[in-house]
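Peer 1: Here is a sequence together with a model predicted from it:
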Amino acid sequence: MKYSIKTQLALSFASLIAVILGLNLLMNNLLLEKFYILQKQTDMIEIYNEINQIEDWADYQSDEFEENFRSVSDANNVELNILWVDREGNGLIIYQSRDNVVMRGRIEGYFRGFQGFGEDSQDVLTKTDNYIIRKFRDSADATDYLEAWGKLQSGCYFLMRIPIQSIRENVKISNQFTQYIILAGILLSTFFVWWISKKITAPIQELTALSRRMANLEFDAKYTSGGKNEIGELGRNFNQMSETLERTIAELKTANNELKRDIEQKTQIDEMRKEFLSNVSHELKTPIALIQGYAEGLKECINDDAQSRDFYCDVIMDESAKMNTMVKKLLTLNQLEFGNDVVDMKRFNLTELLCGTVQSAGILAAQKNVTIHFEETEPLYVWGDEFKIEEVVMNYVSNALNHVYENGHIDVTVERTGDKVRVSVFNTGAPIPENDLDKVWIKFYKVDKARTREYGGSGIGLSIVKAIMESMHQECGVYNCKDGVCFWFELDGSSKGE
């Protein structure tokens with residue numbers, strides 16, 4: 001690329017670093033010496049304040065003063081002379097940090113011609129009522145100095161100076177060293193910025209290639225460089241977008257296939273509707289035919305005796321009851337499937353409900369020489385619609401009675417696991433074919449149609465059970481055992497205090 005991000009980043013950062021280092025060198029050349037001199041002025045003022053605290057001029061000649069000032073002198077390269085004036089106005093130097101004839105002459109000269117710290121204000125840096133600080137060049141040694149001259153509260157005069165030449169030499173050495181650092185910094189920073197820009201742009205170049213492949217619908221292309229920065233996040237978003245696009249296209253293809261299958265299944269749905277109507281018609285046809293036949297027999301007085309008439313009426317009433325039961329079950333199932341039936345969730349004693357159901361079925365069980373076992377006696381509280389759960393249990397028990405072997409037994413058990421309570425209804429009898437286990441919940445589905453006709457089953461009861469449990473968002477099921485079949489359902493358990 002003609003204008004690559006890598007080159008632009010490298011040049012931009014290298015130029016920025018060069019400008020910063022160049023400004024640093026320029027500031028050193030222009031201001032470093034002034035800063036040093038300002039710092040030395042501050043040091044001289046601090047030294048003045050220290051020696052100005054001494055009130056007795058004789059203390060300047062003490063060993064303690066000599067020791068304290070020597071440490072200051074060594075640290076700052078300061079020379080100090082102190083001149084004492086007697087009553088006759090004669091000046092006597094009572095302290096000098098170094099035996100410097102020139103400096104002794106200068107303080108005596110300043111004293112002799114002292115008039116408000118002198119008239120010459122050239123190169124004056126700081127001037128107060130007590131002292132003056134200025135720069136001057138000593139012609140004796142051709143050296144520039146920073147000089148402080150003034151009067152102390154003890155009545156003595158002082159002269160203090162620091163050579164500036166050493167400051168200039170330090171500034172010169174510092175600037176030379178800074179130049180080398182700047183040159184090395186520019187070279188190192190250029191290399192480092194080039195390396196960083198390469199690390200930054202490599203993922204971008206990978207993303208560019210990735211976007212090109214995605215444009216060609218190559219969804220197996222993935223961003224692999226990783227990283228926790230914004231580019232890494234962008235790469236992960238690219239991968240997610242690639243997966244989303246691939247999934248969306250797959251879903252579109254799936255939806256297209258499902259649409260084709262739905263079109264193909266439209267005929268099957270019509271056939272299912274026809275089969276449903278046929279099942280209902282078939283279930284109603286026999287009782288209607290019987291009712292019609294026996295009603296015609298009564299009308300034509302085929303049998304005049306009272307016993308025959310009672311038999312005809314009993315048949316009509318029995319078949320009418322079967323029709324009424326089936327229609328009610330269909331209405332109940334329709335309400336459950338379409339959500340029109342309100343579920344009244346309450347906390348109730350499941351043990352009491354099961355005991356009542358088992359007792360109600362005891363007469364029918366005795367007629368078939370079948371025993372029903374339910375041994376739970378402790379109260380067991382659950383959440384659910386009590387009347388609908390009673391219907392579920394009745395359907396399970398009725399189904400068990402219809403399929404249990406003669407002289408067999410039915411076991412109703414309760415098992416608590418965690419916060420769930422499972423009720424199981426087992427009956428001895430023939431197992432349900434494995435292919436039919438999932439179909440027993442379908443309306444009008446009958447595993448053994450010949451046996452179903454014997455007890456007048458409609459094939460709706462288990463469909464109602466499934467719809468009731470789904471309305472309460474609970475599970476139900478069936479499985480084969482070694483010597484029979486077991487139907488079960490689950491409810492949410494509840495402690496007595498809830």
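Peer 2: Received it, and whenever you're ready, just let me know what you need. Numbering: from 1, shown residues only.

Peer 1: Strands along the stretch 101-250 of the chain, start to end?
Peer 2: 124-127, 131-138, 143-151, 157-163 (DSSP state E, counting those that start in this stretch).

Peer 1: in the shortest one, what counts as buried?
Peer 2: Burial within strand 124-127, assessed by neighbour count using 16 or more other C-beta atoms under 10 Å, is assigned to L125. Yep, even glycine has a C-beta here, placed from its N, CA and C like the rest.

Peer 1: now swap in the longest one and tell me
Peer 2: Within strand 143-151, the residues scored as buried using 16+ other C-beta under 10 Å are 145-151.

Peer 1: for the last one, same thing?
Peer 2: Applying a neighbour-count criterion of 16+ other C-beta under 10 Å, one finds 157-163 buried in strand 157-163.

Peer 1: re the thing from before, dump the strands of the stretch 101-250 of the chain to a markdown table, plus mean pLDDT and distance to T371.
Peer 2: Putting the strands of the stretch 101-250 of the chain into a markdown table (pLDDT from 0 to 100; distance: least, C-beta to C-beta, whole Å) gives the following:
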| stretch | mean pLDDT | distance to T371 |
| --- | --- | --- |
| strand 124-127 | 86 | 120 |
| strand 131-138 | 84 | 122 |
| strand 143-151 | 85 | 122 |
| strand 157-163 | 88 | 120 |
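
Peer 1: and those as a markdown table, adding distance to R104?
Peer 2: Listed next are the strands of the stretch 101-250 of the chain as a markdown table, based on distance: least, C-beta to C-beta, whole Å:
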| stretch | distance to R104 |
| --- | --- |
| strand 124-127 | 23 |
| strand 131-138 | 13 |
| strand 143-151 | 13 |
| strand 157-163 | 9 |
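
Peer 1: in terms of contact, does C481 touch N427 like I think?
Peer 2: No - with contact defined as C-beta atoms under 8 Å, C481 does not reach N427; the gap is 9.5 Å.

Peer 1: between these two, who's got more neighbours?
Peer 2: Counted by other C-beta atoms under 10 Å, C481 and N427 do not tie: N427 has more neighbours, with 26 against 12.

Peer 1: what bridges to W383?
Peer 2: R347, D492 (DSSP bridges).

Peer 1: Next up, the contacts around it.
Peer 2: By C-beta atoms under 8 Å, 6 or more residues apart in numbering, W383 lies in contact with 345-347, 491-494.

Peer 1: ok, and the most crowded of the residues you listed?
Peer 2: Most neighbours among the contacts of W383, by other C-beta under 10 Å: L491, with 22 neighbours.

Peer 1: Now that one. Nearest residue, chain neighbours left out?
Peer 2: V382 (4.2 Å; C-beta to C-beta, 6 or more residues apart in numbering).

Peer 1: you'd agree the one you found is up against R347?
Peer 2: Yes - with contacts counted by C-beta under 8 Å, V382 reaches R347, the gap being 7.3 Å.

Peer 1: Sticking with I47, tell me its helix or strand.
Peer 2: helix 5-51 (DSSP states H and E).

Peer 1: Packing partners of that helix?
Peer 2: Under the contact criterion of 3 or more C-beta pairs under 8 Å, 6 or more residues apart in numbering; DSSP states H and E, helix 5-51 touches helix 63-76, strand 79-85, strand 124-127, strand 131-138, strand 143-151, strand 157-163, helix 165-215.

Peer 1: got the angle for it vs helix 63-76?
Peer 2: Helix 5-51 runs at 160 degrees relative to helix 63-76, counting by axes from the mean of the first three to the mean of the last three C-alpha atoms, to 10 degrees.

Peer 1: average pLDDT across helix 5-51?
Peer 2: Across helix 5-51, pLDDT averages out at 78.

Peer 1: what's the distance between that helix and the middle of its chain?
Peer 2: Distance of helix 5-51 from the chain centroid (C-alpha atoms, centre = their mean, to the nearest Å) equals 47 Å.

Peer 1: likewise stretch 383-396?
Peer 2: For stretch 383-396, the separation from the chain centroid amounts to 44 Å (computed by C-alpha atoms, centre = their mean).

Peer 1: okay, and the common contacts of V382 and R347?
Peer 2: Residues touching both V382 and R347 (C-beta under 8 Å, 6+ apart) are S494.

Peer 1: shaky segments in the stretch 101-250 of the chain?
Peer 2: 113-122, 140-141, 166-168, 206, 214-215, 217-233, 235-236, 238 (pLDDT under 70).

Peer 1: still on that earlier bit, which one of the strands of the stretch 101-250 of the chain lies nearest to D262?
Peer 2: Across those, D262 has its closest neighbour in strand 124-127 (98.4 Å, C-beta to C-beta).

Peer 1: tell me what that closest one is packed against?
Peer 2: Judged by 3+ C-beta pairs under 8 Å, 6+ apart, strand 124-127 is in contact with helix 5-51, strand 131-138.

Peer 1: Give the buried residues for the shortest one.
Peer 2: The one in question is strand 131-138. 131-134, 136.

Peer 1: give me the number of residues near the closest residue to E352 other than its chain neighbours?
Peer 2: Spatial nearest neighbour of E352, excluding adjacent residues (C-beta to C-beta, 6+ apart): P379 at 7.3 Å. When neighbours are defined as other C-beta under 10 Å, P379 has 11 of them.

Peer 1: now swap in G477 and tell me
Peer 2: Residues near G477, counting by other C-beta under 10 Å: 16.

Peer 1: Show the contacting residues for it.
Peer 2: With contact taken as C-beta under 8 Å, 6+ apart, G477 is in contact with 487-489.

Peer 1: mind running it again at 6 Å?
Peer 2: W488 (C-beta atoms under 6 Å, 6 or more residues apart in numbering).

Peer 1: Verify the assumption that it is located in a strand.
Peer 2: Yes - G477 forms part of a strand when assessed by DSSP: H, G, I helix; E, B strand; the rest coil.

Peer 1: beta partners of it?
Peer 2: Counting by DSSP bridges, G477 forms beta bridges with W488.

Peer 1: So for it, what's the pLDDT?
Peer 2: Listed pLDDT for G477 reads 94.

Peer 1: Distance of it relative to G429?
Peer 2: 17 Å (C-beta to C-beta, to the nearest Å).

Peer 1: Phi first, then psi, for the residue of the chain most remote from its centre.
Peer 2: Farthest-out residue of the chain from its mean C-alpha position, per C-alpha atoms, centre = their mean: E88, at 91.5 Å. The phi/psi pair for E88 (degrees, to the nearest 10) reads phi -80, psi 0.

Peer 1: Reduced to three states, what does L462 come out as?
Peer 2: helix.

Peer 1: List the residues that contact it.
Peer 2: 440-441.

Peer 1: Wait, a helix at Q474?
Peer 2: No - under three-state DSSP, Q474 falls outside any helix and is assigned coil.

Peer 1: How about it, nearest residue that isn't a chain neighbour?
Peer 2: For Q474, the closest residue by C-beta to C-beta, 6+ apart turns out to be E490, at 5.4 Å.

Peer 1: pretty sure that neighbour contacts H473?
Peer 2: No - look at E490 against H473 with C-beta atoms under 6 Å: they stay out of range, at 10.5 Å.
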